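Asks: coords below, sequence missing:
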């Protein structure tokens with residue numbers, strides 16, 4: 001089944017896919033990137049089907065999922081209906097987990113900690129469940145100080161879960177060490193849904209009241225900034241950290257929107273990057289068949305420069321070596337590659353990361 005995609009590039013380098021909603025998307029809820037198979041997976045609350053989007057096709061998978069999803073190693077974990085958590089092996093397509101949480105009222109989103117435990121929010125039951133995927137059992141992790149928990153993700157740096165409470169305008173955190181709950185934001189937007197973070201630690205929240213996505217700095221010290229608007233029920237958002245693409249499932253719009261984020265001006269703590277760390281725009285751009293990429297690094301260290309396709313699949317490694325502080329230039333040859341949008345990503349040993357977009361014309 002071929003895709004029906006309308007691609008629009010604006011001056012703000014927004015990328016918008018308007019997929020064939022009637023055939024594939026019925027109240028899309030959650031999106032996740034499957035690196036193993038080079039595809040995006042989208043759950044649909046209206047149909048219970050998980051759809052795959054590759055660089056050539058949009059089609060149905062054999063998987064079922066209505067709400068939150070997460071991929072751990074080579075396994076997709078998805079919330080199914082109101083009380084089920086399914087696990088699918090992405091290599092064999094076999095179902096390896098089929099767990100019913102009998103107390104659940106309406107399971108919603110799902111995340112995983114560094115030890116491999118899954119955490120699932122119960123929106124109507126106001127609980128967070130902890131799932132041991134190895135023993136395939138569960139327990140109630142938090143049941144106090146919660147009100148309609150929705151989107152959730154694991155903040156590894158602080159060993160906590162961050163989640164939205166839709167009705168009371170709050171973003172809260174659960175300390176994994178003792179399961180205590182702390183309010184981070186007490187006057188957010190009404191009907192907050194999905195929550196995620198980019199490679200620099202900034203927090204993104206989708207909101208149905210404004211039909212928009214907002215970004216908080218890692219410390220939540222400053223007011224949020226508007227990232228994208230004009231959505232229709234933005235649900236569980238996802239960021240592909242290789243390409244800095246924000247993916248927004250529009251629950252009420254039966255569509256998926258892809259947005260190229262501009263995160264080149266801050267490091268992973270939210271602070272300005274030093275002037276000496278600079279990944280320049282390739283030249284020429286658009287290009288065919290080759291282009292030049294220049295960059296500067298402020299400190300000696302291990303440097304990685306890679307090229308990715310639109311879906312986040314690694315295409316070519318241009319640099320992977322120790323380099324001294326200096327300015328460098330490399331050439332990207334794309335004579336044997338199909339035309340389209342590509343991304344190049346620079347990462348240094350001191351954790352500076354920057355990504356830019358380029359266009360190959362054929």
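Replies: Noted; the coordinates are in hand. Owing to the predicted nature of the structure, the values given are computational and were not obtained by experimental measurement.
Asks: Walk me through the domains of this protein.
Replies: As assigned by automatic domain parsing, the chain contains the domains 7-260, 278-360.
Asks: okay, those in TSV with mean pLDDT and mean neighbour count next?
Replies: The C-beta positions use only the backbone N, C-alpha and C, and glycine is treated the same way. TSV is the format used below for the domains of the chain (pLDDT from 0 to 100; neighbours: other Cβ atoms under 10 Å):
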stretch	mean pLDDT	mean neighbour count
domain 7-260	90	19
domain 278-360	88	16
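Asks: Residue 359 touches residue 288, doesn't it?
Replies: No - judged on Cβ atoms under 8 Å, residue 359 makes no contact with residue 288 at a distance of 9.4 Å.
Asks: what about the closest residue to residue 207 other than its chain neighbours, which SS state?
Replies: Leaving out its chain neighbours, the residue that sits closest to residue 207 by Cβ to Cβ, 6 or more residues apart in numbering is residue 189, at 4.2 Å. Following DSSP: H, G, I helix; E, B strand; the rest coil, residue 189 is assigned to coil.
Asks: before we move on, what about residue 145?
Replies: Three-state call for residue 145 (three-state DSSP): coil.
Asks: contacting residues for it?
Replies: 172, 181 (Cβ atoms under 8 Å, 6 or more residues apart in numbering).
Asks: The helix or strand containing residue 183 pairs with which strands?
Replies: In this assignment (DSSP states H and E), residue 183 forms part of strand 181-185. Note on strand 181-185: by DSSP bridges, its sheet partners are strand 170-175 (antiparallel).
Asks: what does the partner strand contact?
Replies: Contacts of strand 170-175 (Cβ under 8 Å, 6+ apart): 128, 141-142, 145-147, 149, 155, 158-165, 180-186, 188, 192, 195, 203, 205, 216, 220.
Asks: The stretch 101-250 of the chain: helices as residue ranges?
Replies: For the stretch 101-250 of the chain, applying DSSP state H, counting those that start in this stretch gives no helices.
Asks: Now for residue 215: which residues touch it?
Replies: Counting by Cβ under 8 Å, 6+ apart, residue 215 has contacts 202, 203, 204, 205, 224, 225, 227.
Asks: one more time with 7 Å
Replies: Contacts for residue 215 (Cβ atoms under 7 Å, 6 or more residues apart in numbering) come out as 202, 203, 204, 224, 225, 227.
Asks: So in terms of bridging, what pairs with it?
Replies: Assigned bridge partners for residue 215, using DSSP bridges, are residue 204, residue 225.
Asks: Tell me how far residue 136 lies from residue 312.
Replies: Look at residue 136 and residue 312: by Cβ to Cβ, to the nearest Å, they are 30 Å apart.
Asks: And residue 90, by the same measure?
Replies: 15 Å.
Asks: just residue 77 next, same as before
Replies: Taking Cβ to Cβ, one finds residue 77 at 20 Å from residue 312.
Asks: Tell me which stretches of the stretch 101-250 of the chain form strands.
Replies: With strands called from DSSP state E, counting those that start in this stretch, the stretch 101-250 of the chain shows them at 107-112, 118-122, 127-132, 137-142, 149-155, 160-165, 170-175, 181-185, 192-197, 203-207, 212-216, 225-228, 238-240, 245-250.
Asks: Of all these, which one comes closest to residue 48?
Replies: Smallest distance to residue 48 across the strands of the stretch 101-250 of the chain (Cβ to Cβ): 13.4 Å, for strand 107-112.
Asks: Please identify the pairing partners of that closest one and their relative orientation?
Replies: Applying DSSP bridges, strand 107-112 is found paired with strand 118-122 (antiparallel).
Asks: what is the orientation angle of the strand it pairs with with strand 160-165?
Replies: Per axes from the mean of the first three to the mean of the last three Cα atoms, to 10 degrees, the angle that strand 118-122 makes with strand 160-165 is 20 degrees.
Asks: Can you check what angle separates strand 118-122 from strand 137-142?
Replies: Here strand 118-122 points in a direction 60 degrees away from that of strand 137-142 (the same axes, to 10 degrees).
Asks: contacts for strand 118-122?
Replies: 77, 79, 85, 104-112, 128-131, 133, 141, 149-150, 152, 161, 163.
Asks: one more time with 8 Å
Replies: 68, 70, 72, 77, 79, 85, 101, 103-113, 127-131, 133, 141, 149-152, 154, 161, 163.
Asks: likewise stretch 96-110?
Replies: Contacts for stretch 96-110 (Cβ under 8 Å, 6+ apart): 30, 67-70, 75, 77-79, 82-89, 118-125, 127, 129, 131, 133, 136-138, 140, 149-152, 163, 194, 236.
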